[in-house]
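Trainee: What follows is a predicted structure for the sequence shown.
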Amino acid sequence: MVAQAIQSVISMLILMLIGAWLAGKDWFRKSGGTGLLSKLIVNVLVPLYMLNNVLTKVGTRQKLWEIVVCLPLPMITIFISLALGIWMAGRLGIHAPRRGVFINVMTFTNCVLVGFPIIISLFGEEAAAVGMVYYMVNTICFWTIGVQLLREDGGQKSSLFSKAGLKKLLSPPLLGFLLGVVLVILGLSLPAVLANPVSQLGGCATPMAMMFVGCILRDADWSKLKISRDLLLVLLFRFIVCPALMLGVVYVMPLPALNKQVFFLLSSMPAMTQLSVMSKESGSDVEFASLLIAVSKAFRTRRISSVEIKFLHDFNKDLYFCCTVMYVVVSAITG
């Protein structure tokens, strides 16, 4: 499993290097550069990626219903993480254009690219169905609340529940996700002539997003991207505090062991790759977002086999360990 995780990160680094190489080419810049690339990802590739994921990983109404009844658990922990992120941003004086990025990284994780290979390698294909529960909540909340926070960073102040806010809420990625849910509810599937290009183009979303991260890091002003308090705090909360919250919640819930283990692992995954693209589109701090995505993915690979693997065998000890760490960290930060 560790070798597979390392291989995954090396693949992502190669894609980022290709993106950095592209960013240095005049023909790429003259053709639209990162602006064109971000619009292609957000408006075409990610919607098809969402549609394909729902149709292939959910597929039937029965499985959709099984997922829906389990939604409250990840919903509780994600909203707690969201509230904690908003509180911490205010407490630490983190303002636009970085506030939305800070909160998003603390709250939402990369379930599919990093999370699903890990849980499937640990627990088998059965874990993918359980993982879809967390994925659905994570995805819906990011493309609604998370994106709204990024837009506020960029000076777009419309309320989420206003007419303008609702129009922005129905972004192409969310529409792709909802279309997939509707098709599953109706018991419909795409004909092969449509399913094949949807799958092929959707499969390009993550590689293109990683190339976009490479483009942004290539053009970034590295004098502003030194190891900072904000970066360290985000990593601390993403990989220790937020997973500890999930650990505490699943410990007291009457759930099968597999559900508890999968939810815990997915809550400790790195930042969503699409965060960088949406930061660019929303006018948020795209350089900070890209740096966090790159660092969190590398950091996540290094700690993938210690605390989590121990947790899988000794649930109680890890509960006390993680909650103690969370208490110490929060106490130190808040004084």
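Mentor: That came in fine, so what should we check first? Residues are numbered from 1 along each chain as shown.
Trainee: right, and Leu71 touches Val133 too?
Mentor: Yes - counting by Cβ atoms under 8 Å, Leu71 touches Val133, with 6.3 Å between them. Any C-beta I mention is one placed from the backbone N, CA and C, and that applies to glycine too.
Trainee: higher neighbour count, these two?
Mentor: Higher neighbour count among Leu71 and Val133: Val133, with 23 against 14, using other Cβ atoms under 10 Å.
Trainee: gap between that one and Ser267?
Mentor: Val133 sits 12 Å away from Ser267, going by Cβ to Cβ, to the nearest Å.
Trainee: hey, what's in contact with both of these two?
Mentor: Pro74 (Cβ atoms under 8 Å, 6 or more residues apart in numbering).
Trainee: now the helix or strand that contains Gly100: how far from the chain's centre is it?
Mentor: For Gly100, the element it lies in under DSSP states H and E is helix 99-107. Computed by Cα atoms, centre = their mean, to the nearest Å, the chain-centroid distance of helix 99-107 equals 11 Å.
Trainee: Same check on stretch 243-250?
Mentor: Offset of stretch 243-250 from its chain centre (Cα atoms, centre = their mean): 18 Å.
Trainee: Over to stretch 119-129?
Mentor: 19 Å.
Trainee: And for stretch 85-100?
Mentor: For stretch 85-100, the distance to the chain centre is 19 Å (Cα atoms, centre = their mean).
Trainee: Same question for stretch 239-247.
Mentor: In terms of Cα atoms, centre = their mean, the centre of stretch 239-247 is found 15 Å from the chain centre.
Trainee: mean confidence score for it?
Mentor: Across stretch 239-247, pLDDT averages out at 83.
Trainee: ok so, going back, name the residues of whichever helix or strand comes after the helix holding Gly100 that are buried.
Mentor: Toward the C-terminus, helix 99-107 is succeeded by helix 116-123 as the next helix or strand (DSSP H and E). In terms of neighbour count (16 or more other Cβ atoms under 10 Å), helix 116-123 has its buried residues at Phe116, Ile118, Ile119, Ile120, Leu122, Phe123.
Trainee: now swap in stretch 146-160 and tell me
Mentor: Applying 16+ other Cβ under 10 Å to stretch 146-160 flags Gly146, Val147, Gln148, Leu149, Leu150, Arg151, Glu152, Asp153, Gly154, Ser158, Leu160 as buried.
Trainee: Provide the contact partners of it at residue level.
Mentor: With Cβ under 8 Å, 6+ apart, stretch 146-160 has contacts from 96-101, 103-104, 107-108, 144-145, 164-166, 168-169, 171, 275, 278-279, 282-285.
Trainee: contact partners of stretch 277-292?
Mentor: Contacts of stretch 277-292 (Cβ under 8 Å, 6+ apart): 34-35, 38-39, 41-42, 46, 96-98, 100-101, 104-105, 146-147, 150-151, 153-156, 209, 212-213, 216-217, 220-221, 224-225, 230-231, 234-235, 271, 275-276.
Trainee: Just the ones in strands from the residues you listed, please.
Mentor: Assigned to strands by DSSP state E, none of the contacts of stretch 277-292 qualify.
Trainee: PyMOL command to pick out the buried ones of these?
Mentor: Filtering the contacts of stretch 277-292 down to the buried ones (16+ other Cβ under 10 Å) takes a single PyMOL command:
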select buried, resi 34+38+41+42+46+96+97+98+100+101+104+105+146+147+150+151+153+154+209+212+213+216+217+220+225+230+231+234+235+271+275+276
